[in-house]
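Visitor: sequence-free structure coming up:
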Ligand code: SF4
(Lines give C-alpha, C1' and ligand atoms only; values in the text may rest on other atoms or scores of the structure.)
Protein backbone atom coordinates (compact mmCIF):
# COMPACT_ATOMS: atom_id res chain seq x y z
CA UNK A 1 0.00 0.00 0.00
CA UNK A 2 1.31 3.43 -0.86
CA UNK A 3 2.06 5.86 1.86
CA UNK A 4 -0.96 8.11 1.86
CA UNK A 5 -3.28 5.17 2.14
CA UNK A 6 -1.00 3.64 4.69
CA UNK A 7 -1.49 6.80 6.71
CA UNK A 8 -4.98 5.57 7.36
CA UNK A 9 -3.52 2.98 9.63
CA UNK A 10 -1.43 5.37 11.67
CA UNK A 11 -1.86 5.41 15.38
CA UNK A 12 -4.85 7.42 16.32
CA UNK A 13 -6.15 8.09 12.82
CA UNK A 14 -9.77 7.25 12.29
CA UNK A 15 -10.63 5.31 9.15
CA UNK A 16 -14.15 5.99 8.01
CA UNK A 17 -16.15 4.69 5.12
CA UNK A 18 -17.30 7.42 2.79
CA UNK A 19 -19.33 5.41 0.34
CA UNK A 20 -16.38 4.47 -1.80
CA UNK A 21 -13.64 3.05 0.35
CA UNK A 22 -11.68 4.19 3.37
CA UNK A 23 -10.78 7.81 3.87
CA UNK A 24 -8.32 8.96 6.47
CA UNK A 25 -9.43 11.48 9.03
CA UNK A 26 -6.45 13.06 10.73
CA UNK A 27 -8.63 15.14 12.95
CA UNK A 28 -7.11 16.83 15.94
CA UNK A 29 -5.84 14.25 18.38
CA UNK A 30 -4.08 15.40 21.48
CA UNK A 31 -0.51 14.19 21.78
CA UNK A 32 -0.46 10.85 23.49
CA UNK A 33 1.59 7.69 23.70
CA UNK A 34 1.45 5.30 20.75
CA UNK A 35 -1.35 2.79 21.08
CA UNK A 36 -0.86 0.55 18.07
CA UNK A 37 1.52 -0.33 15.29
CA UNK A 38 1.05 -0.35 11.53
CA UNK A 39 3.59 -1.55 8.96
CA UNK A 40 4.43 1.99 7.87
CA UNK A 41 4.96 3.27 11.39
CA UNK A 42 7.02 0.20 12.29
CA UNK A 43 9.18 0.96 9.24
CA UNK A 44 9.44 4.59 10.34
CA UNK A 45 10.83 3.56 13.72
CA UNK A 46 13.32 1.17 12.12
CA UNK A 47 14.40 3.89 9.69
CA UNK A 48 14.68 6.70 12.25
CA UNK A 49 13.20 6.79 15.79
CA UNK A 50 12.98 10.59 15.68
CA UNK A 51 10.94 10.44 12.48
CA UNK A 52 8.55 8.06 14.25
CA UNK A 53 8.23 10.53 17.12
CA UNK A 54 7.50 13.44 14.77
CA UNK A 55 4.81 11.47 12.98
CA UNK A 56 3.14 9.54 15.78
CA UNK A 57 3.63 11.61 18.92
CA UNK A 58 4.07 15.21 17.74
CA UNK A 59 1.93 14.60 14.67
CA UNK A 60 3.77 17.28 12.75
CA UNK A 61 2.09 18.12 9.44
CA UNK A 62 3.67 16.91 6.20
CA UNK A 63 3.30 18.37 2.75
CA UNK A 64 1.42 16.23 0.26
CA UNK A 65 3.69 14.94 -2.49
CA UNK A 66 2.84 14.29 -6.11
CA UNK A 67 4.27 10.77 -5.95
CA UNK A 68 2.38 9.69 -2.83
CA UNK A 69 -0.85 11.25 -4.05
CA UNK A 70 -0.50 9.56 -7.42
CA UNK A 71 -0.13 6.29 -5.52
CA UNK A 72 -3.34 6.95 -3.60
CA UNK A 73 -5.14 7.79 -6.84
CA UNK A 74 -3.97 4.63 -8.61
CA UNK A 75 -5.00 2.51 -5.63
CA UNK A 76 -8.46 4.06 -5.71
CA UNK A 77 -8.82 3.32 -9.43
CA UNK A 78 -7.74 -0.30 -9.06
CA UNK A 79 -10.12 -0.74 -6.17
CA UNK A 80 -13.10 0.78 -7.99
CA UNK A 81 -12.48 -1.17 -11.18
CA UNK A 82 -13.69 -4.32 -9.44
CA UNK A 83 -17.14 -2.74 -9.04
CA UNK A 84 -17.66 -3.48 -12.74
CA UNK A 85 -18.60 -6.92 -14.07
CA UNK A 86 -15.51 -8.97 -14.96
CA UNK A 87 -15.78 -8.54 -18.74
CA UNK A 88 -15.91 -4.76 -18.38
CA UNK A 89 -12.63 -4.49 -16.49
CA UNK A 90 -10.71 -3.17 -19.44
CA UNK A 91 -7.83 -0.73 -19.85
CA UNK A 92 -10.05 2.06 -21.29
CA UNK A 93 -12.53 1.69 -18.46
CA UNK A 94 -9.79 1.74 -15.83
CA UNK A 95 -8.19 4.85 -17.36
CA UNK A 96 -11.57 6.56 -17.56
CA UNK A 97 -11.86 6.24 -13.77
CA UNK A 98 -8.77 8.37 -13.15
CA UNK A 99 -10.28 11.90 -13.41
CA UNK A 100 -13.31 11.06 -11.28
CA UNK A 101 -11.25 9.42 -8.56
CA UNK A 102 -8.94 12.44 -8.53
CA UNK A 103 -11.97 14.72 -8.00
CA UNK A 104 -13.15 12.51 -5.18
CA UNK A 105 -9.71 12.47 -3.56
CA UNK A 106 -9.49 16.27 -3.69
CA UNK A 107 -12.92 16.57 -2.09
CA UNK A 108 -11.99 14.29 0.78
CA UNK A 109 -8.57 15.90 1.27
CA UNK A 110 -8.75 19.60 0.36
CA UNK A 111 -5.07 20.08 1.23
CA UNK A 112 -4.19 18.20 -1.98
CA UNK A 113 -5.34 21.27 -3.91
CA UNK A 114 -2.00 22.92 -3.09
CA UNK A 115 -0.16 20.32 -5.19
CA UNK A 116 -1.15 22.06 -8.41
CA UNK A 117 -1.81 25.55 -7.08
CA UNK A 118 1.09 26.93 -9.19
CA UNK A 119 -0.11 25.30 -12.37
CA UNK A 120 -2.60 27.77 -13.86
CA UNK A 121 -2.54 26.20 -17.33
CA UNK A 122 -3.06 22.74 -15.90
CA UNK A 123 -0.06 21.30 -17.77
CA UNK A 124 1.56 19.67 -14.77
CA UNK A 125 -1.76 18.26 -13.63
CA UNK A 126 -2.42 16.81 -17.09
CA UNK A 127 1.03 15.19 -17.15
CA UNK A 128 0.54 13.83 -13.64
CA UNK A 129 -2.87 12.36 -14.50
CA UNK A 130 -1.29 10.84 -17.61
CA UNK A 131 1.37 9.17 -15.46
CA UNK A 132 -1.36 7.74 -13.23
CA UNK A 133 -3.08 6.34 -16.33
CA UNK A 134 0.19 4.72 -17.46
CA UNK A 135 0.58 3.00 -14.09
CA UNK A 136 -3.00 1.75 -14.27
CA UNK A 137 -2.40 0.45 -17.79
CA UNK A 138 0.78 -1.34 -16.75
CA UNK A 139 -1.15 -3.25 -14.12
CA UNK A 140 -2.98 -5.06 -16.91
CA UNK A 141 0.35 -6.53 -18.07
CA UNK A 142 0.89 -8.00 -14.59
CA UNK A 143 -2.56 -9.21 -13.57
CA UNK A 144 -5.80 -9.94 -15.39
CA UNK A 145 -8.74 -8.41 -13.53
CA UNK A 146 -11.21 -10.34 -15.70
CA UNK A 147 -10.01 -13.51 -13.95
CA UNK A 148 -9.95 -12.05 -10.46
CA UNK A 149 -12.78 -11.79 -7.93
CA UNK A 150 -11.27 -10.26 -4.81
CA UNK A 151 -12.90 -11.22 -1.56
CA UNK A 152 -11.78 -7.94 -0.01
CA UNK A 153 -10.44 -4.61 -1.24
CA UNK A 154 -8.87 -1.97 1.00
CA UNK A 155 -9.52 -4.19 3.98
CA UNK A 156 -8.89 -2.60 7.36
CA UNK A 157 -7.50 -5.21 9.75
CA UNK A 158 -6.68 -5.01 13.42
CA UNK A 159 -5.74 -7.51 16.07
CA UNK A 160 -4.37 -7.47 19.58
CA UNK A 161 -1.53 -9.72 20.67
CA UNK A 162 -1.42 -11.32 24.13
CA UNK A 163 1.06 -8.63 25.18
CA UNK A 164 -1.59 -5.98 24.50
CA UNK A 165 0.16 -4.73 21.34
CA UNK A 166 -2.44 -3.76 18.76
CA UNK A 167 -1.50 -4.32 15.11
CA UNK A 168 -3.44 -2.61 12.36
CA UNK A 169 -3.26 -1.85 8.69
CA UNK A 170 -5.11 -1.78 5.39
CA UNK A 171 -4.65 -4.61 2.90
CA UNK A 172 -5.09 -3.61 -0.76
CA UNK A 173 -6.65 -6.86 -1.92
CA UNK A 174 -7.44 -10.31 -0.58
CA UNK A 175 -8.07 -13.18 -3.00
CA UNK A 176 -9.35 -16.56 -1.86
CA UNK A 177 -9.04 -19.60 -4.13
CA UNK A 178 -11.88 -22.16 -4.37
CA UNK A 179 -9.63 -24.41 -2.26
CA UNK A 180 -9.64 -21.79 0.49
CA UNK A 181 -6.06 -20.61 0.01
CA UNK A 182 -5.61 -16.93 0.79
CA UNK A 183 -3.50 -14.51 -1.23
CA UNK A 184 -2.67 -11.05 0.08
CA UNK A 185 -1.90 -8.49 -2.64
CA UNK A 186 -0.35 -5.06 -2.31
CA UNK A 187 0.12 -2.52 -5.11
CA UNK A 188 3.19 -0.31 -5.24
CA UNK A 189 3.44 2.54 -7.71
CA UNK A 190 7.22 2.66 -7.37
CA UNK A 191 9.85 0.28 -8.70
CA UNK A 192 10.66 -3.14 -7.30
CA UNK A 193 13.61 -3.14 -4.87
CA UNK A 194 16.87 -4.83 -5.76
CA UNK A 195 16.94 -8.44 -4.49
CA UNK A 196 19.09 -7.56 -1.49
CA UNK A 197 16.33 -5.18 -0.29
CA UNK A 198 13.41 -7.52 -0.92
CA UNK A 199 13.26 -8.57 2.72
CA UNK A 200 12.40 -5.02 3.76
CA UNK A 201 9.60 -4.91 1.20
CA UNK A 202 8.24 -8.22 2.41
CA UNK A 203 8.18 -7.08 6.04
CA UNK A 204 4.92 -5.21 5.44
CA UNK A 205 3.37 -8.26 3.80
CA UNK A 206 4.44 -10.58 6.60
CA UNK A 207 2.97 -8.06 9.05
CA UNK A 208 -0.38 -8.35 7.26
CA UNK A 209 -0.06 -12.12 7.10
CA UNK A 210 0.50 -12.21 10.85
CA UNK A 211 -2.66 -10.15 11.44
CA UNK A 212 -4.68 -12.40 9.11
CA UNK A 213 -3.35 -15.50 10.83
CA UNK A 214 -4.26 -14.04 14.23
CA UNK A 215 -7.74 -13.10 13.06
CA UNK A 216 -8.65 -16.08 10.88
CA UNK A 217 -6.29 -18.80 12.10
CA UNK A 218 -5.14 -19.23 8.49
CA UNK A 219 -1.61 -18.73 7.22
CA UNK A 220 -1.95 -16.93 3.85
CA UNK A 221 -0.70 -19.13 1.04
CA UNK A 222 0.92 -16.29 -0.88
CA UNK A 223 2.03 -12.70 -0.38
CA UNK A 224 2.20 -10.71 -3.58
CA UNK A 225 3.67 -7.28 -4.22
CA UNK A 226 2.76 -5.74 -7.58
CA UNK A 227 5.19 -3.01 -8.64
CA UNK A 228 3.51 -0.82 -11.21
CA UNK A 229 6.51 1.48 -11.58
CA UNK A 230 8.78 -1.23 -12.97
CA UNK A 231 6.28 -3.89 -14.00
CA UNK A 232 7.47 -6.51 -11.53
CA UNK A 233 5.66 -8.92 -9.24
CA UNK A 234 7.34 -10.13 -6.06
CA UNK A 235 5.82 -13.13 -4.32
CA UNK A 236 6.55 -15.02 -1.14
CA UNK A 237 4.84 -18.09 0.30
CA UNK A 238 5.06 -17.78 4.07
CA UNK A 239 5.07 -20.54 6.66
CA UNK A 240 3.98 -20.23 10.25
CA UNK A 241 7.57 -19.82 11.46
CA UNK A 242 7.87 -16.65 9.31
CA UNK A 243 4.90 -15.11 11.05
CA UNK A 244 6.11 -16.09 14.49
CA UNK A 245 9.45 -14.48 13.67
CA UNK A 246 7.73 -11.27 12.61
CA UNK A 247 5.69 -11.30 15.79
CA UNK A 248 8.84 -11.55 17.90
CA UNK A 249 10.39 -8.72 15.91
CA UNK A 250 7.34 -6.52 16.40
CA UNK A 251 7.29 -7.19 20.13
CA UNK A 252 10.94 -6.15 20.38
CA UNK A 253 10.21 -3.06 18.32
CA UNK A 254 7.24 -2.17 20.50
CA UNK A 255 9.37 -2.51 23.61
CA UNK A 256 11.94 -0.12 22.10
CA UNK A 257 9.13 2.33 21.26
CA UNK A 258 7.76 2.05 24.80
CA UNK A 259 11.16 2.81 26.30
CA UNK A 260 11.66 5.81 24.00
CA UNK A 261 8.18 7.08 24.82
CA UNK A 262 8.88 6.93 28.55
CA UNK A 263 12.39 8.37 28.41
CA UNK A 264 11.74 10.95 25.68
CA UNK A 265 14.93 9.73 23.95
CA UNK A 266 14.15 9.58 20.24
CA UNK A 267 17.42 9.45 18.38
CA UNK A 268 17.78 10.69 14.84
CA UNK A 269 19.25 8.13 12.49
CA UNK A 270 20.39 9.95 9.35
CA UNK A 271 20.42 8.07 6.07
CA UNK A 272 20.01 9.04 2.46
CA UNK A 273 16.25 8.84 3.10
CA UNK A 274 16.58 12.14 5.01
CA UNK A 275 16.30 13.79 1.60
CA UNK A 276 12.61 12.86 1.60
CA UNK A 277 11.99 13.80 5.25
CA UNK A 278 9.69 16.78 5.84
CA UNK A 279 11.12 17.44 9.27
CA UNK A 280 14.69 18.58 8.71
CA UNK A 281 13.83 21.96 10.26
CA UNK A 282 13.11 20.12 13.55
CA UNK A 283 15.95 17.62 13.27
CA UNK A 284 19.23 18.11 15.19
CA UNK A 285 21.09 16.37 12.34
CA UNK A 286 20.18 19.36 10.18
CA UNK A 287 20.66 22.07 12.82
CA UNK A 288 17.02 22.02 13.90
CA UNK A 289 15.38 21.64 17.29
CA UNK A 290 12.50 19.25 18.03
CA UNK A 291 9.37 20.79 19.51
CA UNK A 292 8.99 20.43 23.29
CA UNK A 293 8.28 16.80 24.09
CA UNK A 294 4.53 16.66 24.80
CA UNK A 295 4.49 13.57 27.03
CA UNK A 296 5.64 12.98 30.62
CA UNK A 297 9.15 11.53 30.79
CA UNK A 298 10.67 9.17 33.33
CA UNK A 299 14.22 10.05 34.28
CA UNK A 300 16.66 7.13 34.20
CA UNK A 301 16.86 5.15 37.43
CA UNK A 302 14.66 7.48 39.48
CA UNK A 303 11.18 6.49 38.42
CA UNK A 304 10.32 10.22 38.59
CA UNK A 305 8.12 11.64 35.91
CA UNK A 306 8.77 15.13 34.54
CA UNK A 307 6.99 17.12 31.89
CA UNK A 308 8.04 18.69 28.64
CA UNK A 309 11.58 17.48 28.02
CA UNK A 310 13.13 17.98 24.61
CA UNK A 311 13.05 14.77 22.63
CA UNK A 312 16.18 14.12 20.60
CA UNK A 313 19.47 15.39 21.88
S1 LIG B 1 15.91 14.30 8.71
FE2 LIG B 1 16.64 12.17 8.80
S3 LIG B 1 17.50 11.93 10.86
FE4 LIG B 1 16.20 13.76 10.88
S5 LIG B 1 14.18 13.09 11.56
FE6 LIG B 1 14.16 13.05 9.32
S7 LIG B 1 14.76 10.93 8.81
FE8 LIG B 1 15.37 11.27 10.94
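Guide: That came through, no problem. Just so we're clear, the structure is a prediction, and the values are computed from it rather than from any experiment. Numbering: from 1, shown residues only.
Visitor: lowest-confidence helix or strand of this protein?
Guide: When the helices and strands of the chain are compared on mean pLDDT, DSSP states H and E, strand 14-17 comes out lowest with a mean of 34.
Visitor: Can you pull up the residues of the stretch 1-150 of the chain that come close to the ligand?
Guide: Contact residues (Cβ under 6 Å from any ligand atom) of the stretch 1-150 of the chain with the ligand: 48, 50-51. For the C-beta atoms, the positions are set from N, CA and C on the backbone; glycine is no exception.
Visitor: all strands of the stretch 51-200 of the chain, in order?
Guide: 152-160, 166-176, 182-188 (DSSP state E, counting those that start in this stretch).
Visitor: Which elements pack onto the shortest one?
Guide: With contacts defined as 3 or more Cβ pairs under 8 Å, 6 or more residues apart in numbering; DSSP states H and E, the secondary structure elements packing on strand 182-188 are helix 66-81, strand 166-176, helix 198-216, strand 222-227.
Visitor: Any chance you could list what contacts it?
Guide: Here strand 182-188 makes contact (Cβ atoms under 8 Å, 6 or more residues apart in numbering) with 1-2, 71, 74-75, 78, 139, 150, 171-177, 201, 204-205, 208-209, 212, 216, 218, 220-229.
Visitor: Average pLDDT for it, rounded please.
Guide: Strand 182-188 shows a mean pLDDT of 98 in the predicted model.
Visitor: chain center to it: distance?
Guide: 13 Å (Cα atoms, centre = their mean, to the nearest Å).
Visitor: What strands line up against that strand, and which way round?
Guide: Strand 182-188 sits in its sheet next to strand 166-176 (antiparallel), strand 222-227 (parallel), going by DSSP bridges.
Visitor: Just the buried positions in it, please.
Guide: Neighbour-count burial for strand 182-188, counted by 16 or more other Cβ atoms under 10 Å, picks out 182-188.
Visitor: Kindly state the domain boundaries assigned to the protein.
Guide: 1-150+244-313, 152-243 (automatic domain parsing).
Visitor: In terms of mean pLDDT, which of the ones you listed ranks lowest?
Guide: domain 1-150+244-313 (a mean of 85).
Visitor: Okay, strands next: where are they in the stretch 201-313 of the chain?
Guide: Counting by DSSP E, counting those that start in this stretch, the stretch 201-313 of the chain has strands at residues 222-227, 232-236, 297-298, 305-306.
Visitor: What is the third one packed up against?
Guide: What it means is strand 297-298. Checked by 3+ Cβ pairs under 8 Å, 6+ apart, strand 297-298 has helix 240-263, strand 305-306 packed alongside it.
Visitor: Tell me the strands beside it, with direction?
Guide: Here strand 297-298 is paired, per DSSP bridges, with strand 305-306 (antiparallel).
Visitor: can you redo the helices and strands packed on strand 182-188 as CSV with distance to residue 122?
Guide: Putting the helices and strands packed on strand 182-188 into CSV (distance: least, Cβ to Cβ, whole Å) gives the following:
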stretch, distance to residue 122
helix 66-81, 14
strand 166-176, 30
helix 198-216, 35
strand 222-227, 29
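Visitor: Relative to residue 263, which of the ones you listed is closest?
Guide: strand 166-176 (21.9 Å; Cβ to Cβ).
Visitor: Which residue is the nearest non-sequential neighbour of residue 267?
Guide: residue 49 (5.3 Å; Cβ to Cβ, 6 or more residues apart in numbering).
Visitor: again with residue 44
Guide: residue 52 (4.4 Å).
Visitor: now swap in residue 232 and tell me
Guide: The shortest distance from residue 232 to any non-neighbouring residue, by Cβ to Cβ, 6+ apart, is to residue 192 (3.7 Å).
Visitor: count of neighbours near the one you found?
Guide: Other residues near residue 192 number 19, with proximity taken as other Cβ atoms under 10 Å.
Visitor: Please apply the same query to residue 133.
Guide: 20.
Visitor: do you know how far it is from the ligand?
Guide: Separation of residue 133 from the ligand (Cβ to the nearest ligand atom, to the nearest Å): 32 Å.
Visitor: List the contacts of that residue.
Guide: Counted by Cβ under 8 Å, 6+ apart, residue 133 has contacts 95, 98.
Visitor: cutoff 10 Å now
Guide: By Cβ atoms under 10 Å, 6 or more residues apart in numbering, residue 133 lies in contact with 73-74, 77, 91, 94-99.
Visitor: Quick one: which of those residues is the most crowded by neighbours?
Guide: When neighbours are counted by other Cβ under 10 Å, residue 73 leads the contacts of residue 133 with 29 neighbours.
Visitor: Spatially nearest residue to residue 69 (excluding sequence neighbours)?
Guide: residue 112 (5.8 Å).
Visitor: unless I'm mixing things up, that neighbour is touching residue 125, no?
Guide: No: using Cβ atoms under 10 Å, residue 112 is not in contact with residue 125; the gap is 11.2 Å.
Visitor: Comparing the two, which residue is more hemmed in?
Guide: Legend: neighbour count by other Cβ under 10 Å for residue 112 and residue 125, higher for residue 112 (18 against 14).
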